[in-house]
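>>> for reference, the sequence and a predicted model appear below.
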Amino acid sequence: MQTKQTIAIIGATGNMGSAIAKGISKGNYRLLLKGNDQAALDALVGDIKTKNAHADVDTAVCPADASWEADIIILDVPFSAEAEIAAKIREVANQKIVISIANPLNESYNGLTTASDSSAAEELQKLLPNSKVIKAFNTSFAADFNSPVIDGKQSDAFIAGNDEEAVQIVSEIVATAGFNPIAAGDLSVSRTLENMQLLLIQLGMKNNYNWLAGWKILHH
Amino acid sequence: MHELFFESFNTKVQLTKEEELQIAKYLTPKKLRKKQYLLQEGDPCKYVAFVEKGALRSYSVDEKGNEHIIQFAIEGWTISDLYSFLTDEPATYNIDAIEDSELTLISKTAHEELLLTMPKFETFTRLNITGAYVAMQKRLTSIISSLSEDRYESFNAIYPDIVQRVPQHMIASYMGLTPETLSRVRKKMVGR
């Protein structure tokens, strides 16, 4: 697609938010960044523009305004803050793609806070019934965005959602960031994806992966 | 957010509050800044855009790189590459914002679902497309048969708001005139 899409990143100064912003700034996108720390946000914009003078990136005044202008919204907020942010953007996110990257980890990182028959993405979909919620980027660590090729292999990144066209659009964003996109299924597959990251975090802490690790499906 | 859209809808087909809420579920609110594209030639046109605030234009670009403006749209108007929207063929027009704008977009999928589920939306769509057809025929006739003076004069009479808001070179492009010719025509009009 030639027509430049505007992507709002809410929580852009978080680890993941800023990694995603940097990772996709080389694509044919206009980025609208919103975070609570204005100085950090300005520094992020400066950093992106230093590395790529052609990057189309700007800051937004509030989540609602960023989402109103956006075609696609990426939420980098903890699962516990989803309800609050959803209320702010519900009206302007109507019919738009909203990417859920959250993993609803408990405080001790040994379980998820969602019920076993739900996920952070499905809970977000309930809060934004007329938006196209898509699960993506949740099985990658922030450091992976600097080197999506780990040990010579391109890391896979899984995408789940109920709207086929939206899944396709998000797959292109994931590919722009350097990952190998894999459409994993409908939004309920988010339960598996969120548990996969729980496992990766647990293994990472046990085996000292140093927060640089990812998933790769081996196949013929 | 969609106030003008529903106002316009209600002048064509009267909706109940419940029906408005039902339709609102399918609408995409979108802000566009000046000079940003809603659509670029070659992409499928996925939306019909209703202008709540601001101004847009659609245009094609010839082999020499000259822009030919097809249509303007200000508050209360609708703009799209209808050919591409209805046939799924790549768009032959570009659509961009002449001013910072607020739009109510209806996507292709939303459009189709509403047509199937809500007869009033079908009536609204029929009236819109009929209106677009009549406007296109008028424009075609004017281009083929009117003198440039008459063309500008009648455009000025029917759409004074657009003449006020849009740069003269864009009006010239819409009329199929060079900016120099348009300037001559305007001077003549003032002289009369």
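On my side now, so go ahead. Numbering: from 1, shown residues only, chains lettered A, B, ... in the order given.

>>> neighbours of B:Ala91, how many?
When counting by other Cβ atoms under 10 Å in any protein chain shown, one arrives at 24 neighbours for B:Ala91. Glycine gets a C-beta too; all of them are placed from N, C-alpha and C.

>>> just list the residues touching it, thanks.
Contact criterion Cβ atoms under 8 Å, 6 or more residues apart in numbering or on different chains gives B:Leu39, B:Gln40, B:Glu41, B:Gly42, B:Asp43, B:Pro44, B:Cys45, B:Asp81, B:Tyr83, B:Ser84 as the residues in contact with B:Ala91.

>>> could you rerun that using 6 Å?
B:Ala91 makes contact with B:Leu39, B:Glu41, B:Asp43, B:Cys45, B:Asp81, B:Ser84, according to Cβ atoms under 6 Å, 6 or more residues apart in numbering or on different chains.

>>> any chance of JSON lines for these, columns secondary structure, neighbour count and pLDDT?
Output for the contacts of B:Ala91, formatted as JSON lines (DSSP: H, G, I helix; E, B strand; the rest coil; neighbours: other Cβ atoms under 10 Å in any protein chain shown; pLDDT from 0 to 100):
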{"residue": "B:Leu39", "secondary structure": "strand", "neighbour count": "25", "pLDDT": "98"}
{"residue": "B:Glu41", "secondary structure": "coil", "neighbour count": "19", "pLDDT": "96"}
{"residue": "B:Asp43", "secondary structure": "coil", "neighbour count": "16", "pLDDT": "97"}
{"residue": "B:Cys45", "secondary structure": "coil", "neighbour count": "28", "pLDDT": "97"}
{"residue": "B:Asp81", "secondary structure": "coil", "neighbour count": "28", "pLDDT": "96"}
{"residue": "B:Ser84", "secondary structure": "helix", "neighbour count": "21", "pLDDT": "97"}
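
>>> which one of the residues you listed is nearest to B:Ala132?
Top of the list for closeness to B:Ala132, among these and by Cβ to Cβ, is B:Asp81 at 11.6 Å.

>>> got the residues of chain A near chain B?
Chain A has residues A:Met1, A:Gln2, A:Thr3, A:Trp68, A:Glu69, A:Val92, A:Gln95, A:Asn130 near chain B, with proximity defined as Cβ under 6 Å from any Cβ of the partner chain.

>>> which pair of those spans the longest distance?
The most widely separated members of these are A:Gln2 and A:Asn130, with 27.4 Å between them, by Cβ to Cβ.

>>> and these two? Which one has more around it.
Neighbour count, other Cβ under 10 Å: between A:Gln2 and A:Asn130, A:Asn130 has more, with 17 against 13.

>>> ok, now which ones touch that one?
A:Asn130 makes contact with A:Asn94, B:Lys25 under the criterion Cβ under 6 Å, 6+ apart.

>>> so what's the residue count around B:Lys35?
Neighbour count for B:Lys35, taken as other Cβ under 10 Å: 10.

>>> quick check: phi and psi on it?
Comment: the main-chain dihedrals of B:Lys35 come out as phi 80, psi -10, following degrees, to the nearest 10.

>>> check contacts around it.
Neighbours of B:Lys35 in contact, by Cβ under 6 Å, 6+ apart: none.

>>> repeat that for 10 Å
When contacts are counted by Cβ atoms under 10 Å, 6 or more residues apart in numbering or on different chains, B:Lys35 touches B:Asp96, B:Ala97, B:Ile98, B:Glu99, B:Asp100.

>>> cool, and B:Pro44?
By Cβ under 10 Å, 6+ apart, B:Pro44 lies in contact with A:Met1, A:Thr3, B:Asp81, B:Ser84, B:Phe85, B:Thr87, B:Asp88, B:Glu89, B:Pro90, B:Ala91, B:Lys108.

>>> quick one: buried ones out of these?
A:Thr3, B:Asp81, B:Ser84, B:Phe85, B:Ala91, B:Lys108 (16 or more other Cβ atoms under 10 Å in any protein chain shown).

>>> ok, and of the contacts of B:Ala91, which contact chain A?
Restricting those to those touching chain A (Cβ under 10 Å from any Cβ of the partner chain) yields B:Leu39, B:Glu41, B:Asp43, B:Cys45.

>>> which of the buried ones among the contacts of B:Pro44 sits closest to B:Ala172?
Within those, the smallest distance to B:Ala172 is 22.2 Å, found for B:Asp81 (Cβ to Cβ).

>>> which residues touch that closest one?
B:38-39, B:41, B:43-48, B:58, B:60, B:70-71, B:87, B:89-95.

>>> and it, how far from A:Ile97?
B:Asp81 sits at a distance of 22 Å from A:Ile97 (criterion: Cβ to Cβ, to the nearest Å).

>>> do the same with A:Gly35
20 Å.

>>> do the same with B:Lys120
The spacing between B:Lys120 and A:Ile97, counted by Cβ to Cβ, is 28 Å.

>>> quick one: which of those two has more around it?
When B:Lys120 and A:Ile97 are compared on other Cβ under 10 Å, the one with more neighbours turns out to be A:Ile97, at 25 against 17.

>>> which phi and psi does the residue positioned nearest the centre of chain B have?
The residue lying closest to the centre of chain B (Cα atoms, centre = their mean) is B:Ile79, at 3.1 Å. Reported as degrees, to the nearest 10, the phi and psi values for B:Ile79 are phi -140, psi 150.

>>> list the contacts for the residue nearest to A:Lys22 when sequence neighbours are not counted?
Closest residue to A:Lys22 apart from its sequence neighbours, by Cβ to Cβ, 6 or more residues apart in numbering or on different chains: A:Ile48 at 6.0 Å. Listed by Cβ under 10 Å, 6+ apart, the contact set of A:Ile48 reads A:Ser18, A:Ala21, A:Lys22, A:Ser25, A:Lys26, A:Leu31, A:Leu33, A:Ala55, A:Asp56, A:Val57.

>>> what do you get for A:Ile150?
Contacts of A:Ile150 were listed using Cβ under 10 Å, 6+ apart, and they are A:Ala143, A:Asp144, A:Tyr209, A:Leu212, A:Ala213, A:Gly214, A:Lys216.
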